[in-house]
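In: Here is my input; please provide its structure:
(chains A, B, C and D)
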There are 4 protein chains.
Amino acid sequence: MSTDFHQRSLSLLSEQLAEMGKSTAELISQISAFQIAVPSWALGAGGTRFGRFSIGGEPRNLEEKLEDIGLLAKLTKRTDAVSLHIPWDIPKDTQAIKEKASSLGISFDAMNSNTFQDYGQALTYKMGSLSNADAATRKQAVEHNLQVIEIGKSLGSKGLTVWLADGSNFPGQAHFRKALEWTTDSLKEIYGGMPGDWKLLLEYKPYEPNFYHTVIPDWGTSSLICRQLGDRAKVLVDLGHHLPNTNIEQIVATLMHQNLLAGFHFNDSKYGDDDLSTGSIKPYQLFLIFCELIGGAADGAQNWNSISWMIDASHNTKDPLEDLIQALEAISQAYAKALLVDREKLTHCQLSGDTVGAQAVLQEAFLTDVRALVREARIQSGGEPNPLAFYRREKIREKLIAQRGKNAQASGL
Amino acid sequence: MSTDFHQRSLSLLSEQLAEMGKSTAELISQISAFQIAVPSWALGAGGTRFGRFSIGGEPRNLEEKLEDIGLLAKLTKRTDAVSLHIPWDIPKDTQAIKEKASSLGISFDAMNSNTFQDYGQALTYKMGSLSNADAATRKQAVEHNLQVIEIGKSLGSKGLTVWLADGSNFPGQAHFRKALEWTTDSLKEIYGGMPGDWKLLLEYKPYEPNFYHTVIPDWGTSSLICRQLGDRAKVLVDLGHHLPNTNIEQIVATLMHQNLLAGFHFNDSKYGDDDLSTGSIKPYQLFLIFCELIGGAADGAQNWNSISWMIDASHNTKDPLEDLIQALEAISQAYAKALLVDREKLTHCQLSGDTVGAQAVLQEAFLTDVRALVREARIQSGGEPNPLAFYRREKIREKLIAQRGKNAQASGL
Amino acid sequence: MSTDFHQRSLSLLSEQLAEMGKSTAELISQISAFQIAVPSWALGAGGTRFGRFSIGGEPRNLEEKLEDIGLLAKLTKRTDAVSLHIPWDIPKDTQAIKEKASSLGISFDAMNSNTFQDYGQALTYKMGSLSNADAATRKQAVEHNLQVIEIGKSLGSKGLTVWLADGSNFPGQAHFRKALEWTTDSLKEIYGGMPGDWKLLLEYKPYEPNFYHTVIPDWGTSSLICRQLGDRAKVLVDLGHHLPNTNIEQIVATLMHQNLLAGFHFNDSKYGDDDLSTGSIKPYQLFLIFCELIGGAADGAQNWNSISWMIDASHNTKDPLEDLIQALEAISQAYAKALLVDREKLTHCQLSGDTVGAQAVLQEAFLTDVRALVREARIQSGGEPNPLAFYRREKIREKLIAQRGKNAQASGL
Amino acid sequence: MSTDFHQRSLSLLSEQLAEMGKSTAELISQISAFQIAVPSWALGAGGTRFGRFSIGGEPRNLEEKLEDIGLLAKLTKRTDAVSLHIPWDIPKDTQAIKEKASSLGISFDAMNSNTFQDYGQALTYKMGSLSNADAATRKQAVEHNLQVIEIGKSLGSKGLTVWLADGSNFPGQAHFRKALEWTTDSLKEIYGGMPGDWKLLLEYKPYEPNFYHTVIPDWGTSSLICRQLGDRAKVLVDLGHHLPNTNIEQIVATLMHQNLLAGFHFNDSKYGDDDLSTGSIKPYQLFLIFCELIGGAADGAQNWNSISWMIDASHNTKDPLEDLIQALEAISQAYAKALLVDREKLTHCQLSGDTVGAQAVLQEAFLTDVRALVREARIQSGGEPNPLAFYRREKIREKLIAQRGKNAQASGL
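Out: Numbers count the residues shown, from 1 in each chain, chains lettered A, B, ... in the order given. Below is the predicted model:
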């Protein structure tokens, strides 16, 4: 891709955009402002219950994780924050970590607690954590979350993401209503322990790791709990956490309608919580989700800035850094395309029952090639024109392997 | 099945029940008290979009529909009410219909409105009814519902069931949030028009007849609306209205937890809203649903008598009356088995993390053969020991065909 | 879209294509050659089991159906054939119909038989047709298919499409193995009655109108039967006929691997056999399917020209002609994008385990805006630059309504 | 459960069976003869990708695994074989292992190879094994299978089960047709290396651990390969390896119709390959599968003795031994109920189109309480009347923990 061709593509696109009443400069500014956090666990090779294949050169500690995200930030200019997972990422020297992050231009997004594994704590989470029938276990799980909040406070984070794996594998095992009540009560304690400027992001998921019932299986249950907690508790949407065929974009709209959307965990999937690279399987769905987001914010249903963005994928066969580059690009493009939608025309079609016209409005935006636009935004921000090519040309993975070792495994995994 | 064998089976079962601490007499009383309404549209052959195969002798008018239900009531003693559908079942002479029903021991369950078809009304429902972008169409749909309430009042009904087919087939066609808002506003008007002792049963369904988005797709949306309407608006669960793999029994528990369960539309399915005979595909799921219902009522989450019961199946290849006999029997058996669950033992297992034991408690109840118990309840109520055998022995379908004609098609379908 | 802008877009795209080693002229020639048949039943408003909303001006007979397809052909240049459905489209005067079609540039694609409805024939298909336990009913169904072949022969068709709705709604109803055997035997008779230059296209579908079991539910069963029939029996893939999450592009590859792919019924879906406009829900999947088709033909697995193409959608809320214009455009674009794939680079990535690179190769093609290319192909063939705009500008639906009537319903539906 | 009550239950059941024309003695003999193999990996706690919770006292080596299965055999009398997994269970001293197994009454069922993990072999399976684009890796995977055959031969096994995890996570990553071809070629070599009295059991699975495409995703692909291998290659059905809503019993019938059913991996699931205890979620489906098996064997489609039976579940929250006891009981009961089906009456209903009657025939068998029958079969074989009660009463897990340690983890996992 020559610079000249890029310029001519952008120029032709700008002309097209102008005819659609869109300002290229404004679009670039919006695309540039859109930043997606990267979770600390996404920098090592993921795995399945059947095994894990190392990638080599994985970050061995929190410092190296920050360095990886710093690299992504420098190349793509689409991320400026890390989302930590406790206990995998407990900083040994908080001040040093803060300085390291700051030097890399990285801030601390929502903190993630973990009550789905046993890691040496006194009481096992085998039969649940916040929903456990045993009060002492619930208390331990609550306290873990409070501790995560403390760590987050020390780092400057402003949010706590709770993904609750609690549930059951067999009919009869759990008392559905009690489990829901215990969970709500536990979350009330956690919510009460959050600083006043923090947000609680409550995730839902229909199944896995439990295969009969999950305590918070859907947006309805998550929002039912959030309403009992308070205004700063909202529903987190992970794209992979839905039953087959779910209309996710409608859920997004319904949550915004209630001012209840906390944010996103971006990934893609074909079967379940596959945690594939965002945009790799259903790019049109991703675009439709952004259409709802932009529409909801434009209509004043919920403020755009109140929504958090994070990638949450698992890299079983890809180099995690390359995967994140692809994911950040896919998200930026979906966002850019959704910005192109002629909302006035769309509304007109919707109000007049013009189904064919409404489809055409959306597809006109989706079919537009916005790569030059997204590239230009990156270049203007000081990023690489083609981050993936740069990464390969500079042999970054090879350098990381040389530096960290062939068998370095990301800490925490 | 000889009377003697029935008695000996019952006797052995009673002995077994006694050991489980259950009283046969009390169980019979509970089984006998459990009555399920039959909808007026279930008495003719159903169909698919690909066609419809007549059964012959279908009821040609409301009177004949009542007669069919009267027959079911007499044979099975498990139904004592009809659920009417307007405009298919507008009574020409209300007083006569009331008397006819009364003479057959049939009362009038919740009324059903219809805004999913065009039947000569001024404005088309092609682009929606209660959610239509056009205010006049919404008004017309609201007024239809108010008219249904009037008819129901004249017959002694105490509820209005709203199944809203509104939605869209293509991305862009509908404005999700506005459609939800318009629907809520329309329902507020309808709710306001209900007498103070009526209940509004609000159904949800993920898809069909719309195949991209439905305005009320899930229990979360339905309960979101109900909360805005008032205490007498609750969520109706139709077993076939769920995405693949949904844990329906958990939804039942969650709704009861909020005192938000309106009632049931019973049927069974393998793929979608297949409307097959209840209990024909997933009998264990039906049992688990009854376990939640009984548990929720026992724990005081929601009053048992506040819940409505109705069959809603489509009989494409079966004689509708035979199908209803099978469905009523399957529902009674699932209920009876759920009554056998040793709830104390189950709770103990749940609290102590005994997953194996919890499963065993449920299966012990499910594996018990309760046919003698259900039969005895029917006999004691004055019904037929074996309704299906009676129906065939007496050649009832043949008689109906002789009386109503080979090509008689159920009115309304 | 000004002519000037079209030219400049095409010019820039050509430059880009040249760098990818692709010739614009050759691509235009390939796009122009790709023609998709339209079924006679797609010209009227579709419906669901809950109702049907008329569009007005629907074709009242076969002649008017041909005229509608002639119009589509003239505007889009992407269709040149009709696929007839018997008994809905039995020509009264074969010679006149042939001449009419010929004058419109329309030929006769594969014929469709119908044994899923009763339309006055002696024996009912309620319990199945080619799989019916009753030999006389099977014979009647076979003879219907033979008659369809005769009609097709008189019109110059060269294929018979068999979609078999046979199956069962309840466990126990059907004898799976016997139903399969009877079906195979019936199809052998039909296959034997086909001229030597005909092809039998055998469709599969997992459910609907039967909701427990379908005799030919998947590609495996369809190909099992085809292998027993002979070389000219192949498997027809309807995009909507799959269980949730099926990898359809892999099925296409597997069928081509065996030289067993008969062709396609194009549509799109979110939940089941929704019959939505092709490309409206999962455009990336459609692109991936074309990638397999082009790859399979390029590798010599199966000859491109041996594959049949047809649209099969249902237009519940759209004007059918507008919908077909959108579908033809979406199919052309997916095909054009798949032609852009750098197959050499893709193969290199596949052989070297470069997952990230392989994804990038596909996405580079998919993200390219090929609208100018497809438009140019249409213009060069003598079609309209923007068929949908033309259709609306010329008020064609209004004219059809004026001519055929507001309530004209497509014959056969 | 008193002995007296057991006898009276059995006596009443026998009376009922006699009326159905069934001999209690013959049924007991059939139930007793039905033995299900236990895989060596099912004796330790399973896990998910999110973690694993130990049960304590897990078998630390092959000897202890055999001891656990020996215990199950002694208690339940429903299992007499182990299915080994290589490399997890390579015997150090073959002769000693054979003697140990023999002393416990355990024989060696089909062997399982493993090419889905890296365990120190020269070339990684990250990008596939039998389907790998690299010939050397394919060769290594073939040789591993040949080695597994050698180990199996030395132990007296007569079969090789191949579950191939190969596939891809992203569109473009794999060349579908080449992957299928390479796999087929690799399997030809393996098949060629099997002794003449061995059977190759080829498993299929739609997804996991790969989340876009799996090389052998369905029965159609598996049987396509088997037909190219030879008569002793057949299709293995794992109940959890299907897309949502699949009619598995029909697949069983279709495979038997072709004499292509290798056997079963029993488990149960609600969402995906959940590996829950057999019969815990969908007991009616399990019964329907046995109905097809018995019917297929009775009709001579495929010989009953040519079919292999194995449990394959994962015990995340249950004591594995307790779970296996429950699973063996559930399988025995499903089999016993299916034996009760009045096949003559069923056939009559099927041939006469009596859907209601066919459903009733199946349900009469399913609703019958066969626990006394299965218990009696166990007692007559010398097993425990109530194995689970015995296991708990004797505090076997506590003893195993005392003996093997609290943190003993099953070898191989």
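In: hang on, A:Asp231 in a strand?
Out: No - using DSSP: H, G, I helix; E, B strand; the rest coil, the secondary structure at A:Asp231 is coil, not a strand.
In: The helix or strand bottoming out on mean pLDDT in chain A near chain D anywhere?
Out: Least confident helix or strand, chain A: strand A:51-52 with a mean of 90, by mean pLDDT, DSSP states H and E. Yes - Strand A:51-52 is in contact with chain D by CB under 8 Å from any CB of the partner chain, via A:Gly51. C-beta: built from backbone N, CA, C; applies to glycine.
In: Parallel or antiparallel, list what pairs with that strand.
Out: Counting by DSSP bridges, the strands paired with strand A:51-52 are strand A:47-48 (antiparallel).
In: ok, A:Phe50 - contacts?
Out: D:Phe116, D:Gln117, D:Ala165, D:Glu208, D:Pro209 (CB atoms under 8 Å, 6 or more residues apart in numbering or on different chains).
In: Can you tell me how far the third one is from chain A?
Out: Spelled out, that is D:Ala165. Per CB to the nearest CB, to the nearest Å, D:Ala165 is found 6 Å from chain A.
In: Measure how buried that residue is and give me the count.
Out: Using other CB atoms under 10 Å in any protein chain shown, D:Ala165 has 24 neighbouring residues.
In: Can you read off the pLDDT for A:Leu413?
Out: pLDDT recorded at A:Leu413 is 61.
In: For the closest residue to chain C within the stretch 151-300 of chain A, what is the enclosing helix or strand?
Out: Closest residue of the stretch 151-300 of chain A to chain C, CB to the nearest CB: A:Pro244 (4.0 Å). Under the assignment given by DSSP states H and E, A:Pro244 is not contained in any helix or strand.
In: how about the nearest residue to it, chain neighbours excluded?
Out: Leaving aside its chain neighbours, A:Pro244 sits nearest to C:Pro244 (4.0 Å; criterion: CB to CB, 6 or more residues apart in numbering or on different chains).
In: Ok, A:Pro39 next?
Out: Of all residues not flanking A:Pro39 in the chain, A:Ser83 sits nearest, at 4.4 Å (CB to CB, 6+ apart).
In: Same check on A:Leu351?
Out: B:Ala133 (4.7 Å).
In: Can you name the residues of chain A sitting close to chain D?
Out: So far as CB under 8 Å from any CB goes, chain A lies against chain D at A:47-51, A:53, A:116-118, A:124-127, A:165, A:168-171, A:173, A:206-209, A:211-212, A:244, A:269-272, A:274-277, A:280-281, A:316-318.
In: I'd like to know how far the residue located most distally from the centre of chain A sits from chain C.
Out: The C-alpha centroid of chain A is most remote from A:Ser352, which lies 36.1 Å away (CA atoms, centre = their mean). Computed as CB to the nearest CB, the A:Ser352 to chain C distance reads 13 Å.
In: I'd guessed the residue nearest to A:Leu351 sits against B:Lys178; true?
Out: Yes - applying CB atoms under 8 Å as the test, B:Ala133 and B:Lys178 come out as touching, 7.4 Å apart.
In: joint contacts of those two?
Out: Common neighbours of B:Ala133 and B:Lys178 (CB under 8 Å, 6+ apart) are A:Gln350.
In: can you pull the contacts of the residue farthest from the centre of chain A?
Out: Going by CB under 8 Å, 6+ apart, A:Ser352 touches B:Ala133.
In: State the pLDDT value of the closest residue to chain B within the stretch 301-413 of chain A.
Out: Using CB to the nearest CB, the closest approach of the stretch 301-413 of chain A to chain B is made by A:Ala358 at 3.5 Å. pLDDT for A:Ala358: 98.
In: Surely it and B:Gly172 touch.
Out: Yes - counting by CB under 8 Å, A:Ala358 does reach B:Gly172; the two are 3.5 Å apart.
In: which residues do these two both contact?
Out: Common neighbours of A:Ala358 and B:Gly172, counting by CB under 8 Å, 6+ apart, are A:Leu346, A:Cys349, A:Gln350.
In: Now do the strands in chain A.
Out: All strands of chain A, identified by DSSP state E, fall at A:38-39, A:47-48, A:51-52, A:81-83, A:107-108, A:111-112, A:159-162, A:167-168, A:199-203, A:213-214, A:233-238, A:261-266, A:308-311.
In: Could you check which residue of the stretch 201-350 of chain A lies nearest chain B?
Out: In the stretch 201-350 of chain A, no residue comes nearer to chain B than A:Gly220, which is 2.4 Å away by CB to the nearest CB.
In: Can you give me the distance of the nearest residue to that residue once chain neighbours are set aside to B:Leu180?
Out: Once flanking residues are discounted, A:Gly220 sits nearest to B:Gly220: 2.4 Å by CB to CB, 6+ apart. Separation of B:Gly220 from B:Leu180 (CB to CB, to the nearest Å): 12 Å.
In: Just the closest residue of the stretch 301-413 of chain A to chain C, please.
Out: Closest point on the stretch 301-413 of chain A to chain C, by CB to the nearest CB, is A:Asp369, at 3.9 Å.
In: My guess is that residue contacts C:Thr368. True?
Out: Yes - using CB under 8 Å, A:Asp369 is in contact with C:Thr368, at 6.1 Å.
In: Which parts of the stretch 101-250 of chain A are helices?
Out: Taking DSSP state H, counting those that start in this stretch as the criterion, the stretch 101-250 of chain A carries its helices at A:135-155, A:176-192, A:219-229, A:248-257.
In: Can you lay out these as CSV showing mean neighbour count and mean pLDDT?
Out: Converted to CSV, the helices of the stretch 101-250 of chain A look like this (neighbours: other CB atoms under 10 Å in any protein chain shown; pLDDT from 0 to 100):
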stretch, mean neighbour count, mean pLDDT
helix A:135-155, 19, 98
helix A:176-192, 20, 98
helix A:219-229, 22, 98
helix A:248-257, 25, 98
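In: That concludes my questions; thank you for your assistance.
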